[in-house]
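>>> fold the stuff below for me.
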Amino acid sequence: MSDTEFAISASAGADRRDEWRAALSDAFGPFEVHGGRPDNFAGHVRYARRGSLQFNDLHYQGQKLERTAGNVSRLDQEFYTFGLPLAGPLAVRQQGREFQVEPGCVYLMNQSLPYQATAQGDSGYRSLSVSFPRSALSQRDSRIGAFYKLRVDDGSPRGALLASYMDHLFKGVDGWSDVEAAELGERLIDLIVLFLVQSGQGHASESDSSVTVAHRQRALAYIRQHLADPALSPQHVAQGCGVSVAYLHRILRAGGLSAESYIFEQRLDRSRELLLNPQHRHRSIAELAYQVGFSHPSHFSRLFKRRFGVTPRDLRAGFQPGLSGADQQQG
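Below you'll find the model as predicted:
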């Protein structure tokens, strides 16, 4: 791995902790770092960028990392991280849902939404991961959720193949040419979409039957296909999928979802993509809001700011929280 590396020890003072926060921000975008026990605070990050991919080796303990809504608004683009935990667990909270990742699993996570991640365990949390733009996933499958997890220690051939591929990818990363690294990364994303996204593994609980998973995936697909309809509601989704409203709520809750929140999340995600797309620069914000199913632009703006920490107008203008007006103009 071509070296961009930073390490901090437990005895480091406040200045070094600021350097650690800056190193994390350079690797993964803006973060807040909250310390735990001073004698247990440590971190190490090493990463290499190859085209649109980034290979990461991250290890930290005695701290909680947080990506705030303000941090999210300063990201250049949406991106995901696919990780293979080597030590843990790591407790993650995102969009009101709580996850845990630990050795024995692989996971895919949207890094462009607010979240908190707390390193637990005696040796903290360590993972090997690959980061890439959301577009690398959406061009293969438009139905991309925020979080997926797959066991690799339960005999599943899918998990075993992904873990083995990651292990070999990182063992040889210093020797891969840029062309080879890019091609191998593309094959990894193919496997991620096949085994996590398209199979619905990330939303399936151990008690889910294949019928439940199929109904849930059909309901989520129906929502995505009808976002532009301002009348879209759980009742419409249930009717369109041929199930009762009560059953719809039950199968979505089993996957940690609710129909109402999923509709709003998908509409807001889609509107953010449209606002950042130069091809839609000539269209008004109200017009884009109507396109994704919002009936009232003011309501849309309030929800958008609550979700992303910045108004639609400021996002389109490239606003960065914390900068003065003169700095904004210079940027």
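>>> and residue 99, what element?
strand 97-101 (DSSP states H and E).
>>> and that strand, what's its mean pLDDT?
Strand 97-101 shows a mean pLDDT of 86.
>>> surely residue 129 is in a strand?
Yes - with DSSP: H, G, I helix; E, B strand; the rest coil as the criterion, residue 129 is part of a strand.
>>> may I have the beta-bridge partners of the residue nearest to it when sequence neighbours are not counted?
Leaving aside its chain neighbours, residue 129 sits nearest to residue 83 (3.8 Å; criterion: C-beta to C-beta, 6 or more residues apart in numbering). In short, each C-beta sits where N, CA and C put it, glycine included. Residue 83 forms beta bridges with residue 107, residue 129, as assigned by DSSP bridges.
>>> any stretches of the stretch 151-300 of the chain with poor pLDDT?
200-213, 254-256 (pLDDT under 70).
>>> if you set the cut-off to 90 instead, what comes out?
151-159, 172-179, 181-182, 195-221, 224, 241-262, 264-266, 277-278 (pLDDT under 90).
>>> quick one, helices of it?
157-171, 178-192, 210-225, 234-241, 245-254, 259-276, 285-291, 297-308 (DSSP state H, counting those that start in this stretch).
>>> export the ones you listed to JSON lines and tack on distance to residue 48 and mean neighbour count?
Shown next, in JSON lines, are the helices of the stretch 151-300 of the chain (distance: least, C-beta to C-beta, whole Å; neighbours: other C-beta atoms under 10 Å):
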{"stretch": "helix 157-171", "distance to residue 48": "10", "mean neighbour count": "16"}
{"stretch": "helix 178-192", "distance to residue 48": "8", "mean neighbour count": "16"}
{"stretch": "helix 210-225", "distance to residue 48": "35", "mean neighbour count": "17"}
{"stretch": "helix 234-241", "distance to residue 48": "44", "mean neighbour count": "17"}
{"stretch": "helix 245-254", "distance to residue 48": "39", "mean neighbour count": "16"}
{"stretch": "helix 259-276", "distance to residue 48": "26", "mean neighbour count": "19"}
{"stretch": "helix 285-291", "distance to residue 48": "37", "mean neighbour count": "18"}
{"stretch": "helix 297-308", "distance to residue 48": "29", "mean neighbour count": "17"}
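>>> quick one: closest of those to residue 126.
Using C-beta to C-beta as the measure, helix 157-171 is the one of those that comes nearest residue 126, at 12.3 Å.
>>> contacts for that closest one, please.
Outside helix 157-171, the residues that touch it by C-beta atoms under 8 Å, 6 or more residues apart in numbering are 1, 55, 57, 82, 84, 105-106, 128, 130, 150-153, 184-185, 187-188, 191-192, 195, 199, 201.
>>> paired strands for the strand holding residue 99, with orientation please.
strand 90-94 (antiparallel).
>>> which parts of the partner strand are buried?
Buried residues in strand 90-94, defined by neighbour count with 16 or more other C-beta atoms under 10 Å: 90, 91, 92, 94.
>>> what's opposite the second one in the beta bridge?
Per DSSP bridges, the residues bridged to residue 91 are residue 100, residue 118.
>>> next one: it from residue 300, what distance?
Noted for residue 91: a distance of 33 Å to residue 300, by C-beta to C-beta, to the nearest Å.
>>> do the first one as well
Here the distance between residue 90 and residue 300 works out to 34 Å (C-beta to C-beta).
>>> residue boundaries of the strands in the stretch 1-150 of the chain?
Per DSSP state E, counting those that start in this stretch, the stretch 1-150 of the chain carries strands over the ranges 5-8, 32-35, 42-50, 53-61, 63-67, 79-87, 90-94, 97-101, 105-110, 115-119, 125-133, 147-151.
>>> let me know which of those is the nearest to residue 176.
Taking C-beta to C-beta, strand 42-50 is the member of those nearest to residue 176, at 7.9 Å.
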